[in-house]
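1. 3D, please:
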Amino acid sequence: MADPRFVEAFENSFLFHPSQDIESLQVQHLEGFATSSLANSPFFETQKVSAIRLDGQTLESAYEFCSDYFRERGAGGFYWLVSELSTPADLGEKLQHLGASHGGGVWGMRLATDTQLAVSPLTGLVIKELDEAGEADPVYPGLIDEAYGALGSGMGESMMELTRQFRRAGNRIYTYIAYESEKPVAFSCLLVLEDGITALLCGSGTLAAYRGRGIYGNMLEVRRALAVELGCSQLLIQAKQQTSAPIALKHGFERCCTGAIYTTMF
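-> Got it, this is the predicted structure:
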């Protein structure tokens, strides 16, 4: 069993909580579970259930509540994080019985910020922090959409608006864009959690044609250095087992806990 404190931080990071007074982000702590919902967003990735401590008798009513709640908020669906602390022990199986689909494994991974990364600077790659004026440029939401394979979906604008709201509420959040020959080709974000020592790597993506060149490592090094400046001692990442987890392992992240995503679509 992983350190329960890390697992709880992992669960809360999926909810973008703890965080201060975000206008459109509603976090509810209910009996036995918690929900996080981004208003006016149809994307199930922004509608979440985590910190689940239920028993077999209350799970069905919780499932019904969540389905009604997210449907009323105009979501296209929502997802459940099943962690090592989730109950009942066969929660994933029970969710599937109720209609959810298994969305793959996910790891909570940690890297000490004093780790020396084996990253070589890339010729022609420029990484810049995006300021508020830059966030208003429609180029960047489009970059996010394309990197996630969701062109025209509006996901990027939804993410950028959430970033702006985090900043306005006093949270320390930072967005970086990588340019190759002046073309924006990748993005990444960092959010300092309430404990002050943990920096969450809360989103990154690279255009398909530019993957495998070392851009991820270079952007990771920029965020690691920033975390040191901000007084953080560890980086936390939510890594999908089949995609980002192997890359994170290569850069020295350790797997501290495991989980799985289950999706309910409307």
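
2. what's stretch 80-91 in contact with?
-> 1-2, 4, 7-8, 10-11, 14, 48-50, 52-56, 59, 92, 94-95, 100, 106, 108, 257-264 (Cβ atoms under 8 Å, 6 or more residues apart in numbering). C-beta coordinates here come from the backbone N, C-alpha and C atoms, glycine included.

3. so which bits of it are buried?
-> By 16 or more other Cβ atoms under 10 Å, the buried positions in stretch 80-91 come out as 80-86, 88, 91.

4. and what of stretch 163-179?
-> Buried, per 16+ other Cβ under 10 Å, within stretch 163-179: 163-166, 171, 173-178.

5. ends of that stretch, how far apart?
-> End-to-end distance for stretch 163-179: 20 Å, by Cα to Cα, to the nearest Å.

6. number the residues from 44 up from this point.
-> In the new count, where the first residue is 44, that last one comes out as stretch 206-222.

7. what segments of this structure are helices?
-> 47-57, 99-115, 134-141, 175-178, 182-190, 198-211, 258-272, 287-293 (DSSP state H).

8. of all those helices, which one is nearest residue 250?
-> Ranking those by proximity to residue 250 (Cβ to Cβ) places helix 182-190 first, at 5.6 Å.

9. what angle sits between the closest one and helix 198-211?
-> Between helix 182-190 and helix 198-211, the angle comes out at 130 degrees (axes from the mean of the first three to the mean of the last three Cα atoms, to 10 degrees).

10. mean confidence for helix 182-190?
-> When pLDDT is averaged over helix 182-190, the result is 91.

11. what residues sit buried inside that helix?
-> For helix 182-190, the neighbour count (16+ other Cβ under 10 Å) marks 183-184, 186-190 as buried.

12. now residue 219: how far from residue 197?
-> Per Cβ to Cβ, to the nearest Å, residue 219 is found 22 Å from residue 197.

13. surely residue 59 meets residue 69?
-> No. The criterion here is Cβ atoms under 8 Å, and residue 59 misses it with residue 69 at 10.7 Å.

14. anything in contact with each of these two?
-> Common contacts of residue 59 and residue 69 (Cβ under 8 Å, 6+ apart): residue 79.

15. who has more neighbours, these two?
-> Using other Cβ atoms under 10 Å, the more surrounded residue of residue 59 and residue 69 is residue 59, with 22 against 13.

16. where does the residue most central in space within the chain land on pLDDT?
-> The centroid of the chain falls nearest to residue 245 when counting by Cα atoms, centre = their mean (4.2 Å). Looking at residue 245, its pLDDT is 86.

17. residue 272: which of the buried residues of stretch 206-222 is nearest?
-> Comparing these against residue 272 with Cβ to Cβ places residue 217 closest, at 10.6 Å.

18. over to residue 119: give its phi and psi.
-> Dihedral angles of residue 119 (phi, psi; degrees, to the nearest 10) stand at phi -90, psi 0.

19. against residue 214, how distant is it?
-> 27 Å.

20. ok, now residue 106?
-> As judged by Cβ to Cβ, residue 106 and residue 214 stand 31 Å apart.

21. again with residue 249
-> Residue 249 sits 25 Å away from residue 214, going by Cβ to Cβ.

22. again, but for residue 148
-> With the distance defined as Cβ to Cβ, residue 148 ends up 29 Å from residue 214.
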